[in-house]
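sequence first, predicted coordinates after that:
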Amino acid sequence: MAWRYCLLAAALLGAANAGANEALAQSSHCLSCHAIDKKVVGPAFRDVARRYAAQDGAAQGLSAKVIAGGNGAWGMVYMPANKSITPAQARLLVDWILSLK
């Protein structure tokens, strides 16, 4: 019976973390150009997850791209740098995005 409470607690914690990470994406203006399930200016986060989730080192590279910006991986639209995000916050965002696969 106790294991059921552990599973429930883990599910609730995961949902809380996902909500916090989505709030971070919103406050960092990521959701101005991206959406979870559809292309806006940039690709849908689920498409990013499908492309990169199985690649070794993807989270580190994507975290750097969140901060520095870039273009070319999804076309010629430039993703602006987001210097206000710390490396730890970028990693939280990327880990959340990659979990959306």
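Received, thanks.

tell me how many other residues surround Asp56.
Summarising burial for Asp56: neighbours were counted as other Cβ atoms under 10 Å, giving 7. Any C-beta I mention is one placed from the backbone N, CA and C, and that applies to glycine too.

for the remainder of this discussion, apply numbering that starts at 595.
Sure thing, new numbering starts at 595, so read that last one as Asp650.

against Asp631, how distant is the residue nearest to Lys695 when sequence neighbours are not counted?
Excluding the flanking residues, the one nearest Lys695 by Cβ to Cβ, 6 or more residues apart in numbering is Ala643, at 3.8 Å. Using Cβ to Cβ, to the nearest Å, one obtains 11 Å as the distance from Ala643 to Asp631.

with neighbour numbers in mind, choose between those two.
More crowded of Ala643 and Asp631, by other Cβ under 10 Å: Ala643, with 20 against 9.

I'd guess that one is in a helix, am I close?
Yes - counting by DSSP: H, G, I helix; E, B strand; the rest coil, Ala643 is part of a helix.
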